[in-house]
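> show me how the following folds:
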Amino acid sequence: MTRLHCLKIIQIMIQQDEAQQYPDINGVIELLQTCQNKKYKGMKADILQMISRAICLNPVVADSFRDLGGFVCLISVAVSLENAFAEEENEVEKNKNLRLIESVIQTLTLLMKSNVKNKIFFMKEIGYSSLASAILLTNFAKTQYSTSILNFLMNMACENVDEATWGGESCKDCWNFIQNAEVARLVVQVLVQTKDEVQKEYFGILYNMIGSSTKSKEALCSVGTAGFLMKHYKNQIRDKHLCPELQPLLLQILITLGSHCMSPKEWRQFFRYFCNPKENHVVYPKQLEAKSQSNYSDVNEDIINFVTHNKRVAPHEMYEAMYKMTKDGSTAHAYIEFDMKEHGFAQMAVSNLLEKARYWPTNYTIVFWLWIGEFGTNDPLPIYLLNNEDGSIRVRAYIFKRKLCLKVNKEKKLTFPFNFNEKVWYHLALVQTKYRFGGSEVKLYVNGFNSSQQKGSFKTPTLGNVVETKITLSLGRAEVIKRVSPQYWRVGAFYMIEEVLTPSQILTWYLLGPNYFGSFSANNWSYYQTWEIINAKNMSNSEPEASAAVAASDNNPLG
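Residues are numbered from 1 along each chain as shown. Now for the predicted structure:
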């Protein structure tokens, strides 16, 4: 009890230190580092739980912990638990070890929850592989403690910090979607080492998560989960007799991830299932070997030719899986519709696009999906209006005579020559770049490709009179300018990015489809920056040929 009272006092001192001068938290970290004796496991767990409570009450503690080498200390504590669950250890010691590793993972979760700097620091300076190695060294995989440790890691992946549900089975109710993709990959890596029944349970949980959450699906895609599964479960995926209960589940996960997005490297792994395993080489589609492409239909044709001309030795489940990947990719848009037929106005306003007041960006990119049901009369069709608090900057975009127009303040409007059609979804990106010595340029990208660019003299605040402001967004037509007409249109996902996106990024964004609602700020965003990206959206362009190729298989389950 004396130790707990002392730690409570230290916790109060740390959480009330608003300036975070470091001495208190530094002393705690040094104490963790110097207590190497195994008999101090209980004290280490108590210290880590105290730090966790301090972080909850004062988030600034998380930054201090990082600056003072706290992450290195946590990994050292985890490494010290080598062989913690070995057979020679008694149950009392094993329970102490479990409590300590739970405290380590819980503290890491709190340190990185909603703290981008800590996530980046841990990924670059420490590495999730270090944590995975430390956990595997405990030899927990084949023991009764495997489910408990997997629960801790899943809590970390989903950033569940609810102390009431952390350690028990009820924590599974808090796993809504994956917040930390790197930890999700760590879960899959650790899961491979566990018993078959444990693998089945947790792969089932992951499958349910990616089936109900686009964010979870994107998280697993971004860290190459499909490729990892095909590498470590190659024979089990190919032959259902090796693991009859796990194989269908692994295929369902591959289908779900493949219909969303898989890299060319992962597709090459998948294609190996269609070739004779005795052959020493695989003839890949020529377009997949190229490093840059301009026509995705060529890729699709080569995929079909590859499957048709190579020896069909894969089980029928693989053909069925490939067929489903081309069918399961959802192309339904989430959108807001603006209809002028009845009232003549419809508007949605966002009071501030930013989390807090910021400077008006000099260079930025607007990205959104647009569908026009009917142009109606020659009245302008308003898309969006951006303005600051005092109204000194107003950026208005609208469609006039089937062309997109852009007007900033009272400057001359810019008209882009691209002609829009009715009842077609368009992915639009407007990239504004301000030149150093005056003037601006705006580029319009339609469906991932540069359509045209226009030069203007848009004036934004100079460095001398920059002030913090809120940026408000209005979509549609306001009531003050209402006008009953046949016009109606839809606007999908809308983004304002405070930087100039590259052509590759914009094309990638389009290929990810209308249902991608990620933040585009993850470190693995570069994972998608390739002209070789393949997903259901691209493969479905060759849907008739794909169906014919599947039907040609002797083992085709689809008839």
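> which residues of the stretch 451-559 of the chain score low on pLDDT?
457-467, 515-559 (pLDDT under 70).
> contacts only, for residue 52.
For residue 52, the contact set (Cβ atoms under 8 Å, 6 or more residues apart in numbering) comprises 103, 106-107, 110. Glycine gets a C-beta too; all of them are placed from N, C-alpha and C.
> show me what counts as buried in stretch 217-234.
Buried residues in stretch 217-234, defined by neighbour count with 16 or more other Cβ atoms under 10 Å: 217-230, 233.
> just the ones of the residues you listed in helices?
Judged by DSSP state H, the buried residues of stretch 217-234 include 217-222, 225-230 as members of helices.
> what's the end-to-end length of stretch 28-44?
10 Å (Cα to Cα, to the nearest Å).
> what do you get for stretch 77-92?
19 Å.
> i'd like the first residue to be 427 from this point on
Sure thing, new numbering starts at 427, so read that last one as stretch 503-518.
> centre of the chain to that stretch, how far?
Mean-position distance between stretch 503-518 and its chain equals 35 Å (Cα atoms, centre = their mean, to the nearest Å).
> what do you get for stretch 567-576?
28 Å.
> dump the ones in helices among the buried residues of stretch 643-660 into a markdown table; add distance to residue 635 as well.
Listed next are these as a markdown table, based on distance: Cβ to Cβ, whole Å:
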| residue | distance to residue 635 |
| --- | --- |
| 643 | 8 |
| 644 | 12 |
| 645 | 9 |
| 646 | 9 |
| 647 | 13 |
| 648 | 14 |
| 651 | 12 |
| 652 | 15 |
| 653 | 19 |
| 654 | 17 |
| 655 | 15 |
| 656 | 20 |
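> return the closest of those residues with respect to residue 451.
Of all those, residue 451 sits closest to residue 645, with 31.2 Å by Cβ to Cβ.
> can you tell me which of the contacts of residue 478 end up in helices?
Mapping those onto helices (DSSP H) picks out 529, 532-533, 536.
> need the strands for the stretch 677-826 of the chain, in chain order.
For the stretch 677-826 of the chain, applying DSSP state E, counting those that start in this stretch gives strands covering 762-765, 772-776, 790-800, 807-813, 820-826.
> and among the ones you listed, the most buried is which?
Comparing the strands of the stretch 677-826 of the chain on average neighbours per residue, with mean count of other Cβ atoms under 10 Å, the densest one is strand 807-813 at a mean of 22.
> mean confidence for that one?
On average, the pLDDT along strand 807-813 is 91.
> between strand 772-776 and that strand, find me the angle.
Per axes from the mean of the first three to the mean of the last three Cα atoms, to 10 degrees, the angle that strand 807-813 makes with strand 772-776 is 20 degrees.
> can you give the strand pairings for strand 807-813, parallel or anti for each?
Strand 807-813 sits in its sheet next to strand 820-826 (antiparallel), strand 898-903 (antiparallel), going by DSSP bridges.
> what lies in contact with the following helix or strand past the last one?
Spelled out, that is strand 898-903. Counting by DSSP states H and E, the next helix or strand C-terminal to strand 898-903 is strand 914-923. Here strand 914-923 makes contact (Cβ under 8 Å, 6+ apart) with 759-767, 779, 790-800, 807, 809-810, 812, 825, 851, 897, 899, 901-902, 940, 942-943, 946.
> just the CA trace of strand 914-923, in CSV.
Once non-C-alpha atoms are left out, strand 914-923 reads as follows in CSV (Å, rounded to 0.1, in the frame of the first residue of the first chain):
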residue,chain,number,x,y,z
TYR,A,914,-30.4,19.1,-59.5
TRP,A,915,-26.9,17.8,-58.7
ARG,A,916,-25.0,15.7,-56.2
VAL,A,917,-21.7,16.4,-54.4
GLY,A,918,-19.8,13.4,-52.9
ALA,A,919,-16.8,13.4,-50.5
PHE,A,920,-15.3,16.9,-50.3
TYR,A,921,-11.7,17.7,-49.2
MET,A,922,-9.5,20.8,-48.8
ILE,A,923,-5.8,19.9,-48.6
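> orientation of the helix or strand that that strand is followed by relative to strand 914-923 in degrees?
Going down the chain from strand 914-923, the next helix or strand is helix 929-938, by DSSP H and E. Helix 929-938 runs at 140 degrees relative to strand 914-923, counting by the same axes, to 10 degrees.
> which elements pack onto helix 929-938?
strand 790-800, strand 851-860, strand 875-882 (3 or more Cβ pairs under 8 Å, 6 or more residues apart in numbering; DSSP states H and E).
> what separates it from the chain centre, distance-wise?
Remark: helix 929-938 is offset 15 Å from the chain centroid, using Cα atoms, centre = their mean.
> out of the ones in helices among the buried residues of stretch 643-660, who's nearest residue 559?
Closest to residue 559, out of all of these and judged by Cβ to Cβ, is residue 654, at 16.1 Å.
> that closest one contacts residue 614, doesn't it?
Yes - with contact defined as Cβ atoms under 8 Å, residue 654 counts as touching residue 614 (6.1 Å).
> and stretch 917-925, what's buried?
For stretch 917-925, the neighbour count (16+ other Cβ under 10 Å) marks 917-920, 922-923 as buried.
> returning to that earlier point: for the contacts of residue 478, pick the one with the most neighbours.
Highest neighbour count within those, by other Cβ atoms under 10 Å: residue 536, with 25 neighbours.
> got the contact list for it?
Counting by Cβ under 8 Å, 6+ apart, residue 536 touches 478, 481-482, 488, 587.
> those: which two are farthest apart?
Among those, 488 and 587 lie farthest apart (Cβ to Cβ), at 12.0 Å.
> out of the contacts of residue 536, which is nearest to residue 522?
Nearest member of those to residue 522, counting by Cβ to Cβ, is residue 478, at 17.9 Å.
> just send the helices and strands packed on helix 929-938 back as TSV, with distance to residue 842 too.
Output for these, formatted as TSV (distance: least, Cβ to Cβ, whole Å):
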stretch	distance to residue 842
strand 790-800	13
strand 851-860	9
strand 875-882	5
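> residue 548 is nearest to which of those?
Taking the helices and strands packed on helix 929-938 one by one with Cβ to Cβ, strand 790-800 is closest: 29.1 Å.
> tell me the mean pLDDT for the closest one?
Taken as a whole, strand 790-800 has an average pLDDT of 91.
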